[in-house]
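Undergrad: What shape does this take:
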Amino acid sequence: MLVLSRQRDETIMIGDEIEITVVDIRGDKVRLGINAPRSIQVHRKEVYEAIRRENADASKVEVDDLNAIDQNLRKRNGRSVPRAKIE
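TA: Residues are numbered from 1 along each chain as shown. Next up, the predicted model:
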């Protein structure tokens with residue numbers, strides 16, 4: 001890991017497009033300002049990891065589960081027209 005020391009209002013560049021500025025330092029907390037292209041997702045690490053877990057869990061859904069959900073939604077909405085089964 002690269003470790004850099006910065007003071008308030010100093011900036012770090014990552015490549016040509018990502019700019020991280022130390023906005024404020026209070027006690028053991030540092031506030032960072034991040035300028036990055038919209039195409040680059042920026043998250044706190046705990047949020048990033050939660051998103052990854054959710055995506056991994058979502059990818060484990062079985063086709064039978066989707067068909068069961070589809071049938072339940074159709075029953076709830078009163079639709080009786082059968083649709084093609086998801087395969």
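
Undergrad: For residue 12, grab the count of nearby residues.
TA: 14 (other C-beta atoms under 10 Å). Every C-beta, even on glycine, is put in place using the N, C-alpha and C of the backbone.

Undergrad: Just the buried residues of the helix or strand where it lies, please?
TA: According to DSSP states H and E, residue 12 maps onto strand 11-14. Along strand 11-14, not one residue counts as buried under the neighbour rule (16 or more other C-beta atoms under 10 Å).

Undergrad: Mind listing the strands the next helix or strand after it pairs with, and their directions?
TA: Sequence order places strand 18-26 as the next helix or strand after strand 11-14, per DSSP H and E. Paired strands of strand 18-26, with direction, are strand 11-14 (antiparallel), strand 29-35 (antiparallel) (DSSP bridges).

Undergrad: and those as TSV, adding distance to residue 73?
TA: Shown next, in TSV, are the strands paired with strand 18-26 (distance: least, C-beta to C-beta, whole Å):
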stretch	distance to residue 73
strand 11-14	44
strand 29-35	40
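
Undergrad: hmm, back to that, give me the contact list for the strand holding residue 12.
TA: 4, 6, 19-22 (C-beta atoms under 8 Å, 6 or more residues apart in numbering).

Undergrad: Out of those, which two sit at the greatest distance?
TA: Spatially, the most separated pair among these is 4 and 19, at 13.5 Å (C-beta to C-beta).

Undergrad: As a markdown table, the strands paired with strand 18-26 with distance to residue 65 and mean pLDDT would be great.
TA: Putting these into a markdown table (distance: least, C-beta to C-beta, whole Å; pLDDT from 0 to 100) gives the following:
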| stretch | distance to residue 65 | mean pLDDT |
| --- | --- | --- |
| strand 11-14 | 40 | 98 |
| strand 29-35 | 38 | 97 |
